[in-house]
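Colleague: Generate a structure from the sequence data that follows.
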Amino acid sequence: MQCSMALDRMEDLSLKQTMVPFESCEVEGIPLTKQMHSIWDRVWKFKARPDDLLIATYAKAGTTWTQEIVDMIQQDGDIEKCRRATTYRRHPFIEWIIEEPPKTNSHLIMKHPTGLELAEAMPSPRTIKTHLPVQLVPPSFWEQNCKVIYVARNAKDNLVSYYHFHRMNKGLPNPGTLEEFIEKFMAGKVLWGSWYDHVKGWWKAKDKHRILYLFYEDMKENPMREIQKIMKFLDKDMNQELLNKIIYNTSFEIMKENPMANYTKDFRGIMDHSVSPFMRKGIVGDWKNYFTVAKNEKFDEDYRKKMADTSLVFRTEF
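Modeller: So this is what the prediction gives:
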C-alpha cells in the first residue's frame, strides 16, 4: 500500500478557496483517497449478509440513477418512502469516508457517518453501493452469494462526467485541464483505478456470481425494458401502472429536482453545484462536445488496445 501527496484544492463550507494537500493511496495498485485507505482493513473485513444487494459501478456511470430505480422497486413505487432519506443514507457507500474542511475562522470539522457505519447500523435487507473494482470487493459478498447489479457506461461519456465531477467535488483530486484528465483516465491514474480494468473485471465476474450486468446506454434507450430486468433480478413483479410511475420518477428531469437524490443536502461543503451540478446532463454522446478529432483518434487507438481481450461492446452514441 502506497500513499502520495499532491497539492490540490479543497474548499471550506462557504466554498471560499483555500489550498491543502490532497493525498491519494493505493490498495493493490488501485488509487483511493488517504481517508479510504485509512479504513481499508475494516472495509475488506466487512460482513455482508445473504440478503444484501450490492450496486456496483465505476464512478459517474449511472450509480445514483440505478439506486433510485432499485429503491422505487423495493418500496413498491411509494414516493414518500423513497424520500425518507438522502441516497447516501439509504444506500451506504461502503468504502467512502470524508471530513468536510472547517468553516472560515473555525477549527471544527464536519464529520459525515462513513459508509461502513451506516451499513453496519442498517437493518436487513440492505442495499449497498460501491465503486470498487471486482477484486477489491469484500470477500463476504461472494461468500454470502449476494446479488449484485453492475452498471457500465461507455468510456468517453464516463470520462467527461467524471471530469466535471472532479471539478465540483472538493473531496477529489483537482482534475487539471480536460487534456490532462484524459491522459490520467487512459492511464488508470484516477480514483478507483482503470475504467478498462473495472468494466472488464466485472464482466468476467458475472459468469461466476449473481451479477446483473447493465449498460447505461441501454437504460437511456429503453428504461422500461431495463427496469423490468432489474425487477426480475430482484424477484419483484409490478403492474404497468407502477412501472410507469417508476420510469417517470427516476427520469433525469425529476431526479435532478429531487433533493433526496441530487446531493444538494449532503456534503454541502464538499460539492459545489455552482461549478457543475451533481446531476449534469445524463445523456449519451456528450463526449462529442469535449473531444477534438485528434483527442478522439488517440483515445480510440488506445481503447482498441486495452479492450482487445474482451467481448464487451459499448455504444458511444445512438
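
Colleague: Now stretch 213-222: average pLDDT?
Modeller: Stretch 213-222 carries an average pLDDT of 96.

Colleague: export that stretch as PDB, just CAs?
Modeller: Taking only C-alpha atoms (Å, rounded to 0.1, in the frame of the first residue of the first chain), the coordinates of stretch 213-222 have been written out as PDB:
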ATOM      1  CA  TYR A 213     -24.700  -6.500 -15.800                       C
ATOM      2  CA  LEU A 214     -26.400  -3.500 -17.300                       C
ATOM      3  CA  PHE A 215     -25.400  -0.800 -19.700                       C
ATOM      4  CA  TYR A 216     -26.100   2.900 -19.100                       C
ATOM      5  CA  GLU A 217     -26.900   3.400 -22.800                       C
ATOM      6  CA  ASP A 218     -29.500   0.600 -22.800                       C
ATOM      7  CA  MET A 219     -31.100   2.200 -19.800                       C
ATOM      8  CA  LYS A 220     -31.300   5.600 -21.600                       C
ATOM      9  CA  GLU A 221     -32.600   4.000 -24.800                       C
ATOM     10  CA  ASN A 222     -35.300   1.800 -23.200                       C
END
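
Colleague: For it, list every residue counted as buried.
Modeller: Residues of stretch 213-222 classed as buried under the neighbour-count rule (16 or more other C-beta atoms under 10 Å) are 213, 214, 215, 216, 217, 218, 219, 220. Glycine gets a C-beta too; all of them are placed from N, C-alpha and C.

Colleague: Can you report phi and psi for the second one?
Modeller: Read it as residue 214. Dihedral pair for residue 214: phi -120, psi 160, per degrees, to the nearest 10.

Colleague: Look up how far residue 225 lies from it.
Modeller: Taking C-beta to C-beta, to the nearest Å as the criterion, residue 214 is separated from residue 225 by 10 Å.

Colleague: Throw the buried residues of stretch 213-222 into JSON lines and include secondary structure and distance to residue 65, thanks.
Modeller: Converted to JSON lines, these look like this (DSSP: H, G, I helix; E, B strand; the rest coil; distance: C-beta to C-beta, whole Å):
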{"residue": "213", "secondary structure": "strand", "distance to residue 65": "16"}
{"residue": "214", "secondary structure": "strand", "distance to residue 65": "11"}
{"residue": "215", "secondary structure": "strand", "distance to residue 65": "13"}
{"residue": "216", "secondary structure": "helix", "distance to residue 65": "8"}
{"residue": "217", "secondary structure": "helix", "distance to residue 65": "13"}
{"residue": "218", "secondary structure": "helix", "distance to residue 65": "12"}
{"residue": "219", "secondary structure": "helix", "distance to residue 65": "7"}
{"residue": "220", "secondary structure": "helix", "distance to residue 65": "9"}
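
Colleague: Out of those, which is nearest to residue 140?
Modeller: Nearest to residue 140, judged by C-beta to C-beta, of the buried residues of stretch 213-222 is residue 213 at 21.1 Å.

Colleague: so that closest one touches residue 150, yeah?
Modeller: Yes. Residue 213 is within contact range of residue 150, at 5.1 Å (criterion: C-beta atoms under 8 Å).

Colleague: Just give me the neighbour total for residue 166.
Modeller: Burial of residue 166, expressed as a neighbour count using other C-beta atoms under 10 Å, amounts to 22.

Colleague: Now do the same contact list for the nearest residue to it once chain neighbours are set aside.
Modeller: If the residues on either side of it in the chain are set aside, residue 166 comes closest to residue 175, at 3.8 Å by C-beta to C-beta, 6 or more residues apart in numbering. Contacts here follow C-beta atoms under 8 Å, 6 or more residues apart in numbering; on that basis residue 175 touches 163, 166, 167, 181, 184.

Colleague: For residue 128, which three-state class applies?
Modeller: The three-state label given to residue 128 by DSSP: H, G, I helix; E, B strand; the rest coil is strand.

Colleague: ok so, going back, between residue 213 and residue 150, which contacts overlap?
Modeller: In the contact map built from C-beta under 8 Å, 6+ apart, the residues linked to both residue 213 and residue 150 are 202, 206.

Colleague: circling back: tell me the one of the contacts of residue 175 nearest residue 28?
Modeller: The shortest distance between residue 28 and any of those, using C-beta to C-beta, involves residue 184 and amounts to 18.9 Å.
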